[in-house]
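In: Coordinates for the following, if possible.
(one chain, ligands or ions: 1)
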Amino acid sequence: MTQTDKFREALTKVQAALAAWRDGEPIVVDGTTLTLEEVKYCVVDTALESEEWAGKVARYVKEGGSRCLNCGEHDIEGDSVEIDAGAATQGVRCNVCGHYWVDEYTLTSVKDIEDSDGNPILTEKDDR
Ligand SMILES: [Zn+2]
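Out: Purely as a prediction, here's the structure:
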């Protein structure tokens with residue numbers, strides 16, 4: 001589950017517990033009864049964690065995916081690249097902390113190429 005998913009899940013649980021609390025029930029999240037103060041800290045902590053993770057992702061992308069998304073070490077290794085229409089993905093693992101994630105690539109441009117006479121390059125085609 002991603003950090004964003006974790007945050008959304010925690011929020012959903014808290015919202016449900018708070019709805020019950022408004023009806024006069026105790027605030028119960030995952031079987032634990034919480035005070036309103038504890039709920040505030042939970043939500044703030046989870047939000048900060050989610051924000052910290054978003055910062056790591058932004059740094060990783062900015063640096064072209066050259067260091068571990070989690071620990072920042074350079075000893076990372078990519079799986080083979082899977083290409084789909086207009087997009088590609090590559091699983092990457094860190095050999096230091098063991099974190100595994102998937103890089104996502106998007107087709108952004110095309111480089112048109114010509115031969116030395118300025119003509120388009122033609123490949124063999126099927127005569128069907
Ligand atoms: Zn790492």
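In: Flag every buried residue along stretch 85-100.
Out: For stretch 85-100, the neighbour count (16 or more other Cβ atoms under 10 Å) marks 90, 92-94 as buried. Where C-beta positions appear, they are placed from N, C-alpha and C, glycine not excepted.
In: Show me those residues that map onto strands.
Out: Members of those lying in strands (criterion: DSSP state E): 90, 92-94.
In: okay, now the domains of this protein?
Out: 1-62, 75-107 (automatic domain parsing).
In: ok, the first one near the ion or not?
Out: The one in question is domain 1-62. No. Domain 1-62 does not reach the ion (Cβ under 5 Å from the ion); its nearest approach is 10.6 Å.
In: Low-confidence stretches in the chain?
Out: Residues of the chain that meet the criterion pLDDT under 70 lie in 128.
In: circling back to that earlier point, got JSON lines for the domains of the chain, with distance to Glu124 too?
Out: Below are the domains of the chain laid out as JSON lines (distance: least, Cβ to Cβ, whole Å):
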{"stretch": "domain 1-62", "distance to Glu124": "39"}
{"stretch": "domain 75-107", "distance to Glu124": "22"}
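In: mind checking which of these is nearest Cys68?
Out: Cys68 sits nearest to domain 75-107 of all those, at 3.9 Å, using Cβ to Cβ.
In: near the ion, anything from the closest one?
Out: Yes. Counting by Cβ under 5 Å from the ion, the ion has neighbours in domain 75-107: 94, 96-97, 99.
In: Of the residues you listed, which belong to strands?
Out: Those of the residues of domain 75-107 next to the ion lying in strands (DSSP E): Cys94.
In: can you give me the helices for the chain?
Out: 3-22, 36-62 (DSSP state H).
In: and the last one, how far out from the chain's middle?
Out: Once both centres are worked out by Cα atoms, centre = their mean, to the nearest Å, helix 36-62 turns out to sit 14 Å from its chain's centre.
In: okay, the angle between it and helix 3-22?
Out: Interaxial angle, helix 36-62 versus helix 3-22 (axes from the mean of the first three to the mean of the last three Cα atoms, to 10 degrees): 160 degrees.
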